[in-house]
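Chemist: the sequence and its predicted three-dimensional model are supplied below.
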Amino acid sequence: MTTTLPECLAPTRAPRRPDTKLPAGSVDAHVHVFDSRYPLSPQRGYDPPDSRLEHLVAMHEAMGVDRVVFTQPSIYGVDNRAILDGSDMLNEATPDRARSVVAVGRDVSDRELAEMHARGARGVRLNTDNVGGMPIDWDELPELCRRIGPMGWHVEFLFPGDDMVELAPVVASLPVPACIGHFAYQPAARGVEAAGFQALLSLLRDGNTWLKISGADRVSAVGGPRYDDVAPLAEAAIDAAADRIMWGTDWPHPNKYDAWKLPDEGDLVDTLGSWLSHPDLLRRILVDTPERFYGF
């Protein structure tokens, strides 16, 4: 029996140039690449759009982004070649332009970890929100942290928003830094006082968790172009831990199947600009914090 997987829409090839001017050295801390030269995992939950490195570079040139963090998508499982090769190409042309967050299984060797570190990997992604994105069991997390800790790596999480309260103690217990993507998938419609978002704020205040205020389009109920209902979440997160907040486009916006839900990167940049009125804060979130966190 053949199962047809949902096919994501491709991002726009001509995003609007934003009105917000990004500071020199800005980092897009969350992107993927989808390239047909690399085999897809049979355990994936969707088919990706054609979104190659050259498309990403063109988008970043239009946005004024200088550096990037590739994040392993679930559709490649633990085969990190697409993002590591992309990182290599960018770093060969411009040293320290790219870093990556990889996915690994329990059988990854110390030599493989060291090789990925040399190629710019700085963390491991655990994704329970997408099929194929969680290659280890939860009880293997302490051993993984023991192995990656000496390299200065972190663990990045993506999980359904309703899991936030239950998983907060797990994140808090980590002996390595934690990073959570896309507002921890906390729905903007539930507001800042919701239990899940309050659990997230507690993690941020405790000092070992970083948050990507990426994916406004994923958590907004009102939609673009400005995602106004997400502003209170962003402001509360920044108030809680301004030095541990980062941002990313989430290009090429996987899991989008309706054209009206597909964001324009120019809108996302201007949305960020509307949250960060002071240039010093914009620089902190786009340059200083990711520079330290990913070791650029």
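Modeler: Done, it's in. Numbers count the residues shown, from 1 in each chain.
Chemist: for residue 40, see how far away residue 55 is.
Modeler: Going from residue 55 to residue 40 by C-beta to C-beta, to the nearest Å gives 18 Å. C-beta: built from backbone N, CA, C; applies to glycine.
Chemist: what do you get for residue 228?
Modeler: 37 Å.
Chemist: in the one helix or strand residue 274 maps to, what counts as buried?
Modeler: Using DSSP states H and E, residue 274 falls within helix 265-275. Neighbour counts over helix 265-275 (16 or more other C-beta atoms under 10 Å) mark 265-272, 275 as buried.
Chemist: so how far is it off the chain centroid?
Modeler: 16 Å (C-alpha atoms, centre = their mean, to the nearest Å).
Chemist: neighbours of the nearest residue to residue 221 once chain neighbours are set aside, how many?
Modeler: Nearest non-adjacent residue to residue 221, counting by C-beta to C-beta, 6 or more residues apart in numbering: residue 189, 4.2 Å away. Residue 189: 11 surrounding residues under other C-beta atoms under 10 Å.
Chemist: let me know the secondary structure of residue 18.
Modeler: At residue 18 the chain is in coil, as set by DSSP: H, G, I helix; E, B strand; the rest coil.
Chemist: do you know the pLDDT at it?
Modeler: Predicted confidence (pLDDT) at residue 18: the value is 98.
Chemist: number of residues surrounding it?
Modeler: Counted with other C-beta under 10 Å, the neighbours of residue 18 add up to 20.
Chemist: give me every residue that touches it.
Modeler: Each residue near residue 18 by C-beta atoms under 8 Å, 6 or more residues apart in numbering is listed here: 63-64, 265-267, 269-270, 273.
Chemist: repeat that for 7 Å
Modeler: 63, 266, 269-270 (C-beta atoms under 7 Å, 6 or more residues apart in numbering).
Chemist: can you put the residues you listed in TSV and add distance to residue 69 and pLDDT?
Modeler: Shown next, in TSV, are the contacts of residue 18 (distance: C-beta to C-beta, whole Å; pLDDT from 0 to 100):
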residue	distance to residue 69	pLDDT
63	15	98
266	20	98
269	16	98
270	21	97
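Chemist: identify, from those residues, the entry nearest to residue 157.
Modeler: residue 269 (24.8 Å; C-beta to C-beta).
Chemist: my guess is that closest one contacts residue 60. True?
Modeler: No: Residue 269 lies out of contact with residue 60 (C-beta atoms under 7 Å); the separation is 10.8 Å.
Chemist: which SSE is the nearest residue to residue 50 once chain neighbours are set aside in?
Modeler: Distances taken as C-beta to C-beta, 6+ apart place residue 10 nearest to residue 50, at 6.0 Å, with adjacent residues excluded. Counting by DSSP H and E, no helix or strand carries residue 10.
Chemist: in the helix or strand hosting residue 168, what counts as buried?
Modeler: Taking DSSP H and E as the definition, residue 168 sits inside helix 164-172. Along helix 164-172, these residues count as buried under the neighbour rule (16+ other C-beta under 10 Å): 164, 167-168, 171.
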